[in-house]
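> Sequence and predicted structure are below.
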Amino acid sequence: MAHDIRIKSPEQLEKSRRAARLAAEVLAMIEPHVVPGVSTEALDRICHDHIVNVQGAIPANVGYQGYPKTVLTSVNQVVCHGIPSPEKILKKGDIVNIDVAVIKDGWFGDTSRMYFVGAPSVLARRLVETTYEAMCAGIRQVKPGATLGDIGHAIQSVAHREHFSVVREYCGHGIGEVYHEDLQVLHYGQRGEGLTLEPGMVFTIEPMLNAGKRDTRQMPDGWTVVTKDRSLSAQWEHMVAVTPEGYEVLTAWPGGTGQYAAI
């Protein structure tokens, strides 16, 4: 498998970094709009207009394998791939993941984050914050000579400490001039197992944690994935590059991490 992994040159890494920053900027831009009473369709439209008209970039998700929208909006028990809809109105207490990908000069940027709609329940807040902590724990494992298993084990350890489950059907992926490159980043695993990391690798780390069991099911629309037991689910996603010294978070938030711990 290793021969299929694309190692980015410094020049290529800069192009990847630029696309990643634009994706991160979309998530910062949309935050004030994530309020009770807004439809996920309206959020999608705002993101689309910003990517096209302000950033001069291309919304990578539109038409990807037939997907109809710019972002993915996954609310409460939706694990991932929720399709924005005029009928889906956010209400107080909801948690929502917005996942965005852009293309700039042929390079992909891909990131997602959680938002609270008003004040969340105690469980919802703990799930969201634990999922963020798990992603950070995975990112901190990234360095030359570490393995993908190290990342998965770190994420799984944080999740299980809080008695949350890790979704196994979906994983992080290599990214560059291709949206989903061969490299796959599982969010569970054993230390020392799997591919060994090298400088120039670029991939996403995007754990999905459920408050209940890890089992999921896909809805009839062919996209939306929900928890089988209808428990809450949360996800965070960053793009990460392996550097000679360790890692660089390419999709770092423009305004800093705010209430969340720095990575």
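Nice, thanks for sending it over. Residues are numbered from 1 along each chain as shown.
> How about the secondary structure of the closest residue to residue 13 other than its chain neighbours?
Of all residues not flanking residue 13 in the chain, residue 241 sits nearest, at 6.0 Å (C-beta to C-beta, 6 or more residues apart in numbering). Any C-beta I mention is one placed from the backbone N, CA and C, and that applies to glycine too. The local conformation at residue 241, judged by DSSP: H, G, I helix; E, B strand; the rest coil, is strand.
> In this protein, which helix is the longest?
Scanning the chain for the longest helix, with DSSP state H as the assignment, gives helix 10-30.
> Give me the average confidence score over the helix or strand that it is followed by.
Going down the chain from helix 10-30, the next helix or strand is helix 40-49, by DSSP states H and E. Here helix 40-49 scores 98 as its mean pLDDT.
> For residue 155, give me its contacts.
Contacts for residue 155 (C-beta atoms under 8 Å, 6 or more residues apart in numbering) come out as 134, 135, 137, 138, 166, 187, 188, 205, 207.
> so the fifth one bridges to which residues?
Just to be clear, that refers to residue 166. residue 209 (DSSP bridges).
> Please tell me I have it right and it contacts residue 188.
Yes: applying C-beta atoms under 8 Å, one finds residue 166 in contact with residue 188, separated by 4.9 Å.
> about what we covered before: out of the contacts of residue 155, who's the most crowded?
residue 207 (33 neighbours; other C-beta atoms under 10 Å).
> tell me the contacts of that residue?
Residue 207 sits next to 131, 134, 135, 138, 155, 159, 166, 167, 187, 235, 236 when contact means C-beta under 8 Å, 6+ apart.
> Max pairwise distance over those residues: which two?
Spatial extent of the contacts of residue 207 (C-beta to C-beta) is set by the pair 138 and 167 at 13.9 Å.
> between these two, what contacts are shared?
187, 207.
> Residue 108 should be in a helix, yeah?
No: residue state for residue 108 (three-state DSSP) corresponds to strand; a helix is not indicated.
> pLDDT score for it?
The model reports residue 108 with a pLDDT of 98.
> count of neighbours near it?
Using other C-beta under 10 Å, residue 108 has 25 neighbouring residues.
> before we move on, what about the one 10 residues further on?
Residue 118 sits with 12 neighbouring residues when counted by other C-beta under 10 Å.
> What of residue 45?
By the measure other C-beta under 10 Å, the count of residues near residue 45 is 16.
> which residues touch it?
Contact analysis of residue 45 by C-beta under 8 Å, 6+ apart lists residue 70.
> What separation do you get for it and residue 71?
For residue 45, the distance to residue 71 (C-beta to C-beta, to the nearest Å) stands at 10 Å.
> Equivalent analysis for residue 36, please.
To residue 71, residue 36 is 19 Å away according to C-beta to C-beta.
> ok, which stretches of the stretch 101-250 of the chain are helices?
122-139, 148-161 (DSSP state H, counting those that start in this stretch).
> Redo those as JSON lines? Include distance to residue 116 and mean pLDDT.
Formatted as JSON lines, the helices of the stretch 101-250 of the chain follow (distance: least, C-beta to C-beta, whole Å; pLDDT from 0 to 100):
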{"stretch": "helix 122-139", "distance to residue 116": "7", "mean pLDDT": "98"}
{"stretch": "helix 148-161", "distance to residue 116": "20", "mean pLDDT": "98"}
